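**Student:** Sequence first, predicted coordinates after that:
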Amino acid sequence: DGGITQSPKYLFRKEGQNVTLSCEQNLNHDAMYWYRQDPGQGLRLIYYSQIVNDFQKGDIAEGYSVSREKKESFPLTVTSAQKNPTAFYLCASSRDRGRTEAFFGQGTRLTVV
Amino acid sequence: AQSVTQPDIHITVSEGASLELRCNYSYGATPYLFWYVQSPGQGLQLLLKYFSGDTLVQGIKGFEAEFKRSQSSFNLRKPSVHWSDAAEYFCAVGSIKEGTDSWGKFQFGAGTQVVVTP
């Protein structure tokens, strides 16, 4: 089945450590997105990528980094510079140049202790 | 800049009653509008979308939404809610990246939590 896979579902890290969240899609979508979700704040865009080897900062990119070396993969690294990393992270993808909806993964809940 | 406002943070509705969730947007051009639903700890599922044409759109699970350009609104409705409709609902608007005809990014509202009582 086609879809978006985020792994792991739960992730625990010590403060000061970098951590990478995985996002893979087999929908052949050009665009991919990372959102952060906190209670009462909706979804806030971290980074997005329209094509391979290109990505743009979203509204809250500080303390995060991404890469887009393959069309199907868009990993997100939460660095030690992110002041409040504990959150629910959602990856999404959409067909570019089609004015289409975004499809979402099941999310990764990151807890930094 | 575009924005999406969901005025109601929390709504409680009785099972079998009707439901309406409000969404207002601010966007210079014709918006691309979406409603998503999220169960706890899960990703978002698309309920319906509006791109153009008929302003009343039908979605999955018995939901519908009406686009009203004059009011900059895209409210979601369901005539009779079921206990399984308890979830968080998000309105979103898509933008076209300036200078291209591709998507820029999706902007989401803060969400409305729906509680269904027996």
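**Tutor:** Received the coordinates, thanks. Numbers count the residues shown, from 1 in each chain, chains lettered A, B, ... in the order given.

**Student:** Assign a three-state SS to the residue nearest the centre of chain A, would you?
**Tutor:** By CA atoms, centre = their mean, chain A has its centre lying nearest to A:Trp34, at 2.9 Å. On the three-state scheme (DSSP: H, G, I helix; E, B strand; the rest coil), A:Trp34 is labelled strand.

**Student:** Check what pLDDT it gets.
**Tutor:** Predicted confidence (pLDDT) at A:Trp34: the value is 96.

**Student:** The closest residue to it other than its chain neighbours: neighbouring residues, count only.
**Tutor:** Residue nearest to A:Trp34 in three dimensions, not counting chain neighbours: A:Ile46, with 4.3 Å by CB to CB, 6 or more residues apart in numbering or on different chains. For the C-beta atoms, the positions are set from N, CA and C on the backbone; glycine is no exception. A count of nearby residues for A:Ile46, using other CB atoms under 10 Å in any protein chain shown, gives 26.

**Student:** Tell me the predicted confidence for A:Ile46.
**Tutor:** Looking at A:Ile46, its pLDDT reads 95.

**Student:** And it, which helix or strand is it part of?
**Tutor:** In this structure, A:Ile46 sits in strand A:43-51 according to DSSP states H and E.

**Student:** Using neighbour counts, pick out the buried residues of that strand.
**Tutor:** For strand A:43-51, the neighbour count (16 or more other CB atoms under 10 Å in any protein chain shown) marks A:43-50 as buried.

**Student:** Show me what it is in contact with.
**Tutor:** Under the contact criterion CB atoms under 8 Å, 6 or more residues apart in numbering or on different chains, strand A:43-51 has outside partners A:30-38, A:55-61, A:64, A:66, A:68, A:74, A:76, A:89-90, A:96, B:44, B:90, B:97, B:102-103, B:105-108.

**Student:** Direction included, what does that strand pair up with?
**Tutor:** strand A:31-37 (antiparallel), strand A:54-57 (antiparallel) (DSSP bridges).

**Student:** Single out the most deeply packed of those.
**Tutor:** Sort the strands paired with strand A:43-51 by mean neighbour count, taking mean count of other CB atoms under 10 Å in any protein chain shown, and strand A:31-37 sits at the top with a mean of 25.

**Student:** Could I get the average pLDDT for the longest strand along chain B?
**Tutor:** Longest strand in chain B by number of residues (criterion: DSSP state E): strand B:87-96. Per-residue pLDDT over strand B:87-96 has a mean of 88.

**Student:** That one pairs with which strands?
**Tutor:** With DSSP bridges as the test, strand B:87-96 pairs up with strand B:32-38 (antiparallel), strand B:103-108 (antiparallel), strand B:112-117 (antiparallel).

**Student:** what comes up buried for that strand?
**Tutor:** B:87-96.

**Student:** what does stretch B:80-88 give?
**Tutor:** For stretch B:80-88, by 16+ other CB under 10 Å, it's B:81, B:85-88.
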